[in-house]
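[1] sequence plus the predicted model coming up.
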Amino acid sequence: MATDERERTVEEAAVDFRYDTGDAAVPWAAVGEHLNTTDLMKLVTLLAKPKAGRATQYRAALGRVEAALNDLWLHAQPATKLRLGDKVKELESRCARLLNVKHACFLTNATAGFELALKFAGLGPGDEVIAPPLTFIATILYPLEIGAKVVFADVDPRTLNLDPADVARKLTARTRAILPVHLGGYPVDMDPLMDLAKAHDLVVVEDAAHAFGGMYRGRMTGTVGHFGAYSFHEVKNLNSLGEGGLLVTDTPFGEQFAKARFVGLDSSRQLPNWVYDVVALAGKNGPVVAGNHSTTEVQAACLLAQMTRLKQIIQTRRRRAEYLNEQFESVAGLLTPPLDDDHVKSTHHLYLLQVDPNKAGGDIQELKARLAAKGVVNIPHFAPLYKFALLRSLNYDGDALARTCPVAEEAFNRRFTHLPLYPLEDNQVELMARLVREAMDQMRRG
Ligand SMILES: Cc1ncc(COP(=O)(O)O)c(C=O)c1O
């Protein structure tokens, strides 16, 4: 499809029904209470905190910002639209072009994206989805919520991503979807999964929460499956003011994205004496009810600005991952993660570090404790989902499931952690590398 045609589809998908009342003498006050300088100053102080020891300079700088805002309001008028407006449209067009997809929908978060994708896929109670155990609970929330069954397939020991061979083993007549997760931004081996999906008429929803801007065999990660959802939550590579997500697809379901995002509202249809109708979404197996996952112009504007730095952000992360690999390759008992090659480009969201407990003189729990004692933060990584009380409450047998995923179990208990890559300073990354080497040395010596 030509780029301009793609853009049009995305533009249309973003259309919202309200608020443009035109040049009336008394326009309908479509946006609530306007923002004034006091409100904006609250935002500024929320987003920009004082540095230690700089309270006086901080207060002085705030005074200058307040004066500038007061001056600005002499010449400015408040926004007329704060949600699902031109910035959201622009963001969606930009993302659709970057990712080379027909449909892109900016949502409250990636979790909403998975939910919508699986609604379109017609997932119902008793259906099975196959997911990796090492991910965030969001990947499987919707299947759990509606009483679908989550079947856990084991992971590849090197990447900790879904192992296609185990997915093949765990297929049953009830399997409806595969949910691969690009953990830490490293692309899942998608081709064998897509072959399975084709052979068994399954829907593939990529959890690309960590993977905005990565590549798998010439395509952007998140766009290889039937649907993909990215996260712009504040701990991700890009951050739309704390929360945000993007759902993409090339399937015709994408034509319903605008309705899917906002309660099924359809302003192209009108009830008699009323300005819109509310419709069901046409899912694979019949009508489904949309939710409300609307996003704001402020979030979109922030993300658009950050997108201009995406290449540089990923490059910095890649450089650091390469540096850490160089630092760790010769350390007995440390296993470094695969880096980019001709086929895959990671977003380097997290650095996956593993130990070989047989050579390291201890396991990852011991290494993490030693690192924490040295001041290297112990970031919470992903526990196998079947361990959570939620799953127990839903009658999942954690011990039995652990036996079906031996690689994930061993990795979680004894082998892996994630290290941060950004936005640390270079000297912090160097310090982290030195402290990891030191801790390994001490562990080997006992
Ligand atoms: C692997 C994974 N999937 C999904 C999500 C959910 O993303 P969001 O918070 O945008 O819903 C996260 C967020 O941390 C994640 O790490």
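    Nice, I can see it.
[2] is stretch 301-318 anywhere near the ligand?
    No: judged by CB under 6 Å from any ligand atom, stretch 301-318 stays clear of the ligand, getting no closer than 12.3 Å. Bear in mind the C-beta positions are built from the backbone N, C-alpha and C, glycine included.
[3] who touches that stretch?
    The contact list for stretch 301-318, computed with CB atoms under 8 Å, 6 or more residues apart in numbering, reads 87, 90-91, 94-95, 98, 106, 212-213, 232, 237-241, 244, 339-340, 346-349, 421-422.
[4] measure that stretch end to end?
    Terminal residues of stretch 301-318 are spaced 26 Å apart (CA to CA, to the nearest Å).
[5] can you offset everything so residue one is 335?
    That works, and once the first residue is 335, the last one we named lands at stretch 635-652.
[6] only the buried residues of it, if you could.
    Within stretch 635-652, the residues that qualify as buried are Ala635, Cys636, Leu637, Leu638, Gln640, Met641, Leu644, Ile647, Ile648, Thr650, Arg651, Arg652, counting by 16 or more other CB atoms under 10 Å.
[7] run the chain-centre distance for it.
    Computed by CA atoms, centre = their mean, to the nearest Å, the chain-centroid distance of stretch 635-652 equals 15 Å.
[8] secondary structure element for Ala430?
    Assigned by DSSP states H and E, Ala430 belongs to helix 420-433.
[9] now the closest residue in space to Met549 that isn't next to it in sequence: how far from the ligand?
    Here the nearest residue to Met549 in space, its sequence neighbours aside, is Lys679; by CB to CB, 6 or more residues apart in numbering that works out to 4.1 Å. Per CB to the nearest ligand atom, to the nearest Å, Lys679 is found 18 Å from the ligand.
[10] hang on, the earlier thing: inside helices: which ones of the buried residues of stretch 635-652?
    Ala635, Cys636, Leu637, Leu638, Gln640, Met641, Leu644, Ile647, Ile648, Thr650, Arg651, Arg652 (DSSP state H).
[11] farthest pair in the residues you listed?
    Ala635 and Arg652 (27.2 Å; CB to CB).
[12] quick one: mean pLDDT over the helix holding Ala430.
    Mean pLDDT, helix 420-433: 97.
[13] can you tell me what sits against the host helix or strand of Val538?
    According to DSSP H and E, Val538 maps onto strand 537-541. For strand 537-541, contacts defined as CB under 8 Å, 6+ apart pick out 444, 448, 451-452, 455, 469, 472-473, 510-516, 522, 524, 527-528, 531, 555-563, 618.
[14] what's the following helix or strand after it?
    The element immediately downstream of strand 537-541 (helix or strand, assigned by DSSP H and E) is strand 549-550.
[15] what mean pLDDT does whichever helix or strand comes after that following strand have?
    Per DSSP H and E, strand 549-550 leads on to strand 553-554 as the next helix or strand towards the C-terminus. The predicted model gives strand 553-554 an average pLDDT of 98.
[16] swap in stretch 612-624?
    97.
[17] and the residue lying closest to Ile480 once chain neighbours are set aside, how far from Tyr476?
    Distances taken as CB to CB, 6+ apart put Pro459 closest to Ile480, at 5.9 Å, once the chain neighbours are dropped. Noted for Pro459: a distance of 12 Å to Tyr476, by CB to CB, to the nearest Å.
[18] got a list of what the closest residue to the ligand within the stretch 585-734 of the chain touches?
    Using CB to the nearest ligand atom, the single residue of the stretch 585-734 of the chain nearest to the ligand is Phe716, 7.1 Å away. The neighbourhood of Phe716, defined by CB under 8 Å, 6+ apart, consists of Leu468, Thr469, Phe470, Leu517, Phe746.
[19] how does it look with 7 Å?
    Contact analysis of Phe716 by CB atoms under 7 Å, 6 or more residues apart in numbering lists Leu468, Thr469, Phe470.
[20] verify the stated contact: the second one with Leu513.
    No: counting by CB atoms under 7 Å, Thr469 stays clear of Leu513, with 8.3 Å between them.
[21] close to the ligand: what parts of this protein are there?
    Residues of the chain found near the ligand (CB under 6 Å from any ligand atom) are 443-445, 469-470, 472-473, 515, 541, 543-544, 565, 567, 579.
[22] CSV please, covering these and showing pLDDT and neighbour count.
    Shown next, in CSV, are the residues of the chain next to the ligand (pLDDT from 0 to 100; neighbours: other CB atoms under 10 Å):
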residue, pLDDT, neighbour count
Asn443, 98, 23
Ala444, 98, 29
Thr445, 98, 23
Thr469, 98, 26
Phe470, 98, 19
Ala472, 98, 21
Thr473, 98, 26
Val515, 98, 26
Asp541, 98, 30
Ala543, 98, 30
His544, 98, 27
Ser565, 98, 29
His567, 97, 19
Gly579, 98, 28
